[in-house]
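Asker: Sequence plus predicted model, see below.
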Amino acid sequence: MTREIDRSPARLSSALAVTAAALAAGTSALTATLTLTVGAAGFLVVTFGVVRGSRRAVTLGAVALLVGALVGGLLSGAPYLLLPGVIATVLAWDFGEQAINVGEQLGRGADTTQLEATHAAGSTVVAVGAGGLGYGIFLASSGGQPVTALVFLLLAAVVLTSALRN
């Protein structure tokens, strides 16, 4: 009798994706009602994606979270709210993708805690480092530049990260 392998998304990465999405939505909520709505929708779609194992839903939810963070940053003019939102959005997408990949390749029954924790730690260090570097560049060269410059810098970093991943 052959036992069927459960190919559902991995639990730890799923929980981390939902947590990061909640953080991204929370930072959006601090800026405007519109961004709260977009951030909440992004959170729900990312959560749905990691529960159902849908890459499309995880990506769509992450895009909504990113839009909420960027619009919130533009409306508030506060880069200290923009950075955590964008970083958490990138991490929510990455952790969601990792959850789906691990579930598909190894199955939910496999002990993947160390693998997932190592991936999460590495991704977090890279994301926070890149955000800190971007913010440092923004501060060093801002000389009266609006927050819009930081928004476009962060958007370019997200697009570059996405292109490198594919």
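Answerer: Received, thanks.
Asker: low-confidence ranges in this structure?
Answerer: 1-2, 142-150, 152-153, 156, 159-166 (pLDDT under 70).
Asker: Which residue ranges of it form helices?
Answerer: Taking DSSP state H as the criterion, the chain carries its helices at 11-29, 33-52, 55-76, 79-106, 113-141, 147-165.
Asker: Pipe those into CSV and attach distance to residue 3 and mean neighbour count per row.
Answerer: From N, CA and C alone the C-beta is placed, and that goes for glycine too. What follows is the helices of the chain, written out as CSV (distance: least, Cβ to Cβ, whole Å; neighbours: other Cβ atoms under 10 Å):
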stretch, distance to residue 3, mean neighbour count
helix 11-29, 19, 24
helix 33-52, 23, 21
helix 55-76, 26, 22
helix 79-106, 15, 23
helix 113-141, 21, 14
helix 147-165, 33, 14
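Asker: Let me have the ones you listed in a markdown table, extended by distance to residue 4.
Answerer: Formatted as a markdown table, those follow (distance: least, Cβ to Cβ, whole Å):
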| stretch | distance to residue 4 |
| --- | --- |
| helix 11-29 | 18 |
| helix 33-52 | 18 |
| helix 55-76 | 22 |
| helix 79-106 | 14 |
| helix 113-141 | 22 |
| helix 147-165 | 31 |
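Asker: and residue 5, which of the ones you listed is closest to it?
Answerer: Between residue 5 and the helices of the chain, the tightest spacing by Cβ to Cβ is seen for helix 79-106, at 8.7 Å.
Asker: Report the distance from the closest one to the chain centre.
Answerer: From the chain centre to the centre of helix 79-106 is a distance of 3 Å (Cα atoms, centre = their mean, to the nearest Å).
Asker: ditto for stretch 5-20
Answerer: 14 Å.
Asker: Same question for stretch 71-83.
Answerer: For stretch 71-83, the distance to the chain centre is 16 Å (Cα atoms, centre = their mean).
Asker: got it, and stretch 102-119?
Answerer: For stretch 102-119 - counting by Cα atoms, centre = their mean - the centre lies 19 Å from the chain centre.
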